[in-house]
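A.B. asks: Structure here, sequence nowhere to be found:
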């Protein structure tokens, strides 16, 4: 563990961070959500539950640096993302939060249950979609604020059928 107290986080602080992040996503505040990342961060949804999988050598569902994430956000906001017309409504539920500090980086592991609803003509296929995931957030302090250097979301069914994943998790 790091000896520098400014680089440590309590579980309550970690929960507050994750709850605030979830609210931003659920309220569609994606530009504010994007500000939670460092400029060199990664947003990753692996296609494997293998903890040793290398995203540079294996297929991922999503593996975005911030330039790619900015493009993803721009597409979602442009109205040109037809899979998001109308846009998804989501509800994130975060639990089982664990926090540790390794080499000055705060690592938050948590479970996520995500409900997604899209009121469209396709709702006979999946009117309400539920996803479960293990999440890993890596955070550092920048300018007195916690910022994500990476967000990794391992869906429970990452190597199975995923109906539609055209929204941000």
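C.D. replies: Perfect, thanks for sending it. Small disclaimer: the values here were computed from a predicted structure and weren't measured.
A.B. asks: was I right about residue 59 contacting residue 47?
C.D. replies: Yes: counting by C-beta atoms under 8 Å, residue 59 does reach residue 47; the two are 4.9 Å apart. The C-beta positions use only the backbone N, C-alpha and C, and glycine is treated the same way.
A.B. asks: ok, those two, which is more surrounded?
C.D. replies: residue 47 (18 against 10; other C-beta atoms under 10 Å).
A.B. asks: where's residue 109 relative to residue 42, distance?
C.D. replies: The gap separating residue 109 from residue 42 is 16 Å, by C-beta to C-beta, to the nearest Å.
A.B. asks: what's the answer for residue 70, then?
C.D. replies: In terms of C-beta to C-beta, residue 70 sits 13 Å off from residue 42.
A.B. asks: Those two: which has the busier surroundings?
C.D. replies: Per other C-beta under 10 Å, whichever of residue 70 and residue 42 has more neighbours is residue 42, with 20 against 14.
A.B. asks: That one sits in which helix or strand?
C.D. replies: strand 37-46 (DSSP states H and E).
A.B. asks: Can you tell me the strand partners of the host helix or strand of residue 107 and which way each runs?
C.D. replies: Using DSSP H and E, residue 107 sits within strand 105-117. Taking DSSP bridges as the criterion, strand 105-117 forms sheet pairs with strand 89-102 (antiparallel), strand 128-142 (antiparallel).
A.B. asks: could you dump these to a markdown table with distance to residue 156, mean pLDDT and mean neighbour count?
C.D. replies: Below are the strands paired with strand 105-117 laid out as a markdown table (distance: least, C-beta to C-beta, whole Å; pLDDT from 0 to 100; neighbours: other C-beta atoms under 10 Å):
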| stretch | distance to residue 156 | mean pLDDT | mean neighbour count |
| --- | --- | --- | --- |
| strand 89-102 | 13 | 96 | 15 |
| strand 128-142 | 4 | 93 | 17 |
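A.B. asks: Rebuild those as CSV, extending it with distance to residue 76.
C.D. replies: Output for those, formatted as CSV (distance: least, C-beta to C-beta, whole Å):
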stretch, distance to residue 76
strand 89-102, 12
strand 128-142, 17
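A.B. asks: what residues does the helix ranked longest in the chain touch?
C.D. replies: Using DSSP state H to define each element, the chain has its longest helix at helix 11-26. By C-beta atoms under 8 Å, 6 or more residues apart in numbering, the residues outside helix 11-26 that reach it are 9, 29-30, 32-33, 36, 89-94, 97-99, 106, 108, 110, 135, 137, 139, 146, 168-169.
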